[in-house]
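# this is the structure alone, sequence omitted:
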């Protein structure tokens, strides 16, 4: 794949993932925080030591693994020891990434359960545990996909200006790499676009007062405080593993 | 629960489900029809005779069943023989329905795979089988919930005017019951609201030409041609099983 095509592809996927994340967050925000669903073993020993959301996430990943989801270079599981795919492997001729082990899902899950949900869902407990956990799985999978797409972004940035990156990569200089991949104007543009999407999708379309489904500012902050920093971490971690050679 | 509360509750759930269905349909419409995922055994014997979407739907239902999803009176599985819940049963003190066995999911699934997907997704095959199947599960579950909510609607209509319904119920007169539950003005209002939602959520929020995610008319037709008739069937079937006594 040539560089221009790669970049356009990445941009298209990222913008589409913004919608998926906004939709999923709106769905989850129907329910209260229900923090009980993140506590291991609170629902008894049935869930093999996992929390309710953890259990459902793992069972979902088991099913998706059998459908070869995690053989795709842009998919990353939250759990280890998933079953082998039942479907024959797809060939990813076009994978522009170098082999790497970057997976920030443990960090993402911790931040989601401890910080993000308490931030964007209303406090309290409405007993809607199953529905909340199902929506958690959708949000977490969409966030994970978006964050790890940082690898493609990083690869594309490196290929566009390899000489800028090589010294920092050779020196394993994470702070310098973070500086190099950071483009504040692009981040502001993304946040503005996310705000517009959250306003469009989160308001009541009939304009009835008090019927908004989510505070658009909350969605913007999810991106600003958690999603973007984790994406940049994925970019830097990938570049550190990648090394300065042209693939 | 008193009648007025029941009715307001039902209305709130139905309107919220419209959003979920529109969001889910927009997600599925990213991908081509990929009709291969609905053919049993086309991906080999691995999927125990099921199609790809059928396999994922069943695995999802197995996980959700363990979290007691199908003990709730407004949830209906597509598959039989699901595992027992791992969680202790919740009590549904407020269930206004009489016990019944109405489940239109087989019909829904057939219509979805054979008619709805070919109608609202672009023709062809883009190889995105796993992603399409995941979105199918989300759409099918939302549609099923909306359709079977017809039982609550029917119960509420009956309680509001029991004397209108009793003769037709006693005579098991399905055609008469269908006539009694049909309120064309309400249906038109729902379709208008769905059109507004589909326009709001399905257009590109930045107004870029050619970036619309779904044709709003397609979403309206999903409701008009398939969802509303199946909902009314759920209403009639429920009333036939219910019998004319006041609970």
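Alright, I've got the coordinates. Computed from a predicted model, the values in this text were never measured in an experiment.
# what's the next secondary structure element after the worst-scoring helix or strand of chain A on mean pLDDT?
Within chain A, no helix or strand scores below helix A:3-28, which has a mean of 89 by mean pLDDT, DSSP states H and E. Going down the chain from helix A:3-28, the next helix or strand is helix A:52-66, by DSSP states H and E.
# so where's chain A shaky on pLDDT?
The model of chain A has pLDDT under 70 over residues A:1-2, A:45-46, A:90-93, A:247.
# re earlier: tell me the buried residues in the least confident helix or strand of chain A?
In terms of neighbour count (16 or more other C-beta atoms under 10 Å in any protein chain shown), helix A:3-28 has its buried residues at A:6-7, A:10, A:14-15, A:17-28. Using the backbone N, CA and C atoms, a C-beta is placed for each residue, glycine as well.
# over to stretch A:159-178?
A:159, A:165, A:168, A:169, A:173, A:176, A:177, A:178.
# what is the end-to-end distance of that stretch?
The first and last residues of stretch A:159-178 sit 16 Å apart, counting by C-alpha to C-alpha, to the nearest Å.
# how much distance is there from that stretch to the middle of the chain?
24 Å (C-alpha atoms, centre = their mean, to the nearest Å).
# number of residues surrounding the spatially closest residue to residue A:52 that is not a sequence neighbour?
Excluding its sequence neighbours, the residue lying closest to residue A:52 (C-beta to C-beta, 6 or more residues apart in numbering or on different chains) is residue A:37, at 4.0 Å. By other C-beta atoms under 10 Å in any protein chain shown, the residues close to residue A:37 number 25.
# again with residue A:72
With other C-beta under 10 Å as criterion, residue A:72 counts 14.
# one more: residue A:125?
Neighbour count of residue A:125, defined by other C-beta under 10 Å: 14.
# and it, what is it in contact with?
Shown in contact with residue A:125 (C-beta atoms under 8 Å, 6 or more residues apart in numbering or on different chains): A:32, A:33, A:34, A:35, A:36.
# in three-state terms, label it for me.
Classification of residue A:125 by DSSP: H, G, I helix; E, B strand; the rest coil places it in coil.
# distance check, it against residue B:78.
30 Å (C-beta to C-beta, to the nearest Å).
# between the contacts of residue A:125, which sits nearest residue A:109?
Distance to residue A:109 across those (C-beta to C-beta) is lowest for residue A:35, with 14.1 Å.
# quick check: the closest one touching residue A:117?
Yes. Between residue A:35 and residue A:117 there is a contact under C-beta atoms under 8 Å: 7.3 Å.
# between these two, which is the more surrounded one?
residue A:117 (23 against 18).
# residues contacting that one?
A:28, A:33, A:35, A:38, A:136.
# of the buried residues of stretch A:159-178, which is the nearest to chain B?
Closest approach to chain B among those (C-beta to the nearest C-beta): residue A:159, at 25.3 Å.
# wait, doesn't the closest one sit right on residue A:3?
Yes. Contact status for residue A:159 versus residue A:3: in contact at 5.3 Å, counting by C-beta under 8 Å.
# re the thing from before, and chain B, is the least confident helix or strand of chain A touching that?
Yes. If you take C-beta under 8 Å from any C-beta of the partner chain as the test, helix A:3-28 does meet chain B, through A:16, A:19, A:20, A:23, A:26, A:27.
# just stretch A:74-85 next, same as before
No. Judged by C-beta under 8 Å from any C-beta, stretch A:74-85 stays clear of chain B, getting no closer than 8.8 Å.
# contacts for that stretch?
A:13, A:57-58, A:61-62, A:65-71, A:103-106, A:109, A:140, A:144-145, A:148-149, A:151-152.
# same check on stretch A:132-142?
A:17, A:20-21, A:24-25, A:27-28, A:30-32, A:34, A:37, A:52-53, A:55-57, A:60, A:78, A:108-109, A:112, A:117, B:64, B:67, B:138.
# same check, this time on stretch A:95-106
Stretch A:95-106 is contacted from outside by A:1, A:6, A:73, A:76-78, A:144, A:147-148, A:151-152, A:155-156, A:230, A:233-234, A:237-238, A:241-243, A:247, using C-beta under 8 Å, 6+ apart.
# can you give the distance of that stretch from its chain's centre?
Distance, stretch centre to chain centre, for stretch A:95-106: 13 Å (C-alpha atoms, centre = their mean).
# just the buried residues of it, please?
For stretch A:95-106, by 16+ other C-beta under 10 Å, it's A:96, A:97, A:100, A:102, A:103, A:104, A:105.
# among those, which lie within helices?
residue A:105 (DSSP state H).
# let me have the buried residues of stretch A:95-106 in JSON lines, adding distance to residue B:185 as columns.
Conversion of the buried residues of stretch A:95-106 to JSON lines gives the following (distance: C-beta to C-beta, whole Å):
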{"residue": "A:96", "distance to residue B:185": "56"}
{"residue": "A:97", "distance to residue B:185": "56"}
{"residue": "A:100", "distance to residue B:185": "59"}
{"residue": "A:102", "distance to residue B:185": "57"}
{"residue": "A:103", "distance to residue B:185": "54"}
{"residue": "A:104", "distance to residue B:185": "52"}
{"residue": "A:105", "distance to residue B:185": "50"}
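# can you tell me which of the buried residues of stretch A:95-106 end up in strands?
Using DSSP state E, no member of the buried residues of stretch A:95-106 falls in strands.
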